[in-house]
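Enquirer: take a look and give me a structure for this.
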Amino acid sequence: MAWAALLLGALLLVAQPRLVPSRPASPGFEPGDGGGGVAPTNGSARQLPHTIIIGVRKGGTRALLEMLSLHPDVAAAENEVHFFDWEEHYSQGLGWYLSQMPLSLPHQLTVEKTPAYFTSPKVPARVHRMNPAIRLLLILRDPSERVLSDYTQVFYNHLQKRKPYPAIEEFLVRHGHLNVDYKALNRSLYHVHMQNWLRFFPLGRFHIVDGDRLIRDPFPEIQKVERFLRLAPQINASNFYFNKTKGFYCLRDGGRDRCLHESKGRAHPQVDPKLLHKLHEYFHEPNKKFFELVGRTFDWH
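Expert: Numbering: from 1, shown residues only. I've put the predicted structure just below:
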């Protein structure tokens, strides 16, 4: 009789219905894990991004992400992920990429930003392979100003490490002419990089944010982003206030004030007006080509 009871117990265990998750588990994670080893209690999970801020470097990507994070229906990755442009990350697959995303609710849009994506030739095909319907945010500034900001960031990085760094003229000028091999110049040739992206995505998949206007008057620019992402209008003019000490707009979120890091908004180096004029002249034709590509003009030199 004892063996019969044991057999009956085993049969009952086999017949028990298997519990399954109510929604598909994120690839690479156990059901209910939430991607971080702790089961979330509010139905949140990690989602691949619905939109990516693809660039450009020193165009205002951090400001754009922080402003967009004011929206309750947005979940933003805190750090630059560099999934599509760094081989050591890309080789780990979408499961690794997903693990870098924040927990979000089903109705929220997940956003990540990596400004190097825009100028990396291999990135558009990789993003398209992941999601050909993804919405892409591109924030651009006057290309000449972007070059100066690019140099300024590298200069201060060296300064903090107490390492010497040459004056900007040593990069911009070679044998009495503008040094067209300077990487910072190439990053500002927006039409070259945009052509690469348009090989994989139609123009309607992009929203181009005017980075110069975002600095001067952020609210109208962020309203356009809300519309592009089909978000209910939740960000208000009251979310922005001008900080006279810093010289740019800061954010007010639920009574809490926050500004961008002190590394943002640094003064650019003084450049000889003649050299600055050469820089503006150099970008004149590339800018025209970019305007033709996107069907829109910007107030650049």
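Enquirer: in the protein, which spans are strands?
Expert: Secondary structure of the chain (DSSP state E): strands at 45-46, 51-55, 74-76, 103-104, 109-113, 135-140, 173-174, 177-178, 206-210, 240-243, 248-253, 256-258.
Enquirer: and those strands, which is most packed in?
Expert: strand 51-55 (a mean of 26; mean count of other Cβ atoms under 10 Å). (Glycine included, C-beta is placed from N, CA and C.)
Enquirer: contacts for that one next, please.
Expert: For strand 51-55, contacts defined as Cβ atoms under 8 Å, 6 or more residues apart in numbering pick out 61, 64-65, 109-119, 123, 127, 134-139, 193, 197, 229.
Enquirer: strands paired with that strand, and their directions?
Expert: Applying DSSP bridges to the sheet, strand 51-55 is found paired with strand 109-113 (parallel), strand 135-140 (parallel).
Enquirer: can you say which of the ones you listed is nearest to residue 293?
Expert: With Cβ to Cβ, the closest approach to residue 293 among those belongs to strand 135-140: 11.8 Å.
Enquirer: and that closest one with strand 206-210, angle?
Expert: Counting by axes from the mean of the first three to the mean of the last three Cα atoms, to 10 degrees, strand 135-140 lies at 30 degrees to strand 206-210.
Enquirer: contact partners of strand 135-140?
Expert: By Cβ under 8 Å, 6+ apart, strand 135-140 touches 50-56, 59-61, 64, 113, 118, 127, 146, 190, 197, 201, 205-211, 214, 225, 228-229, 298.
Enquirer: ok so, going back, just send the strands paired with strand 51-55 back as CSV, with distance to residue 252 and mean pLDDT too.
Expert: Formatted as CSV, these follow (distance: least, Cβ to Cβ, whole Å; pLDDT from 0 to 100):
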stretch, distance to residue 252, mean pLDDT
strand 109-113, 21, 98
strand 135-140, 21, 98
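Enquirer: turn the ones you listed into a markdown table, columns for distance to residue 284.
Expert: Shown next, in a markdown table, are those (distance: least, Cβ to Cβ, whole Å):
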| stretch | distance to residue 284 |
| --- | --- |
| strand 109-113 | 29 |
| strand 135-140 | 16 |
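Enquirer: kind regards, and thank you for your time.
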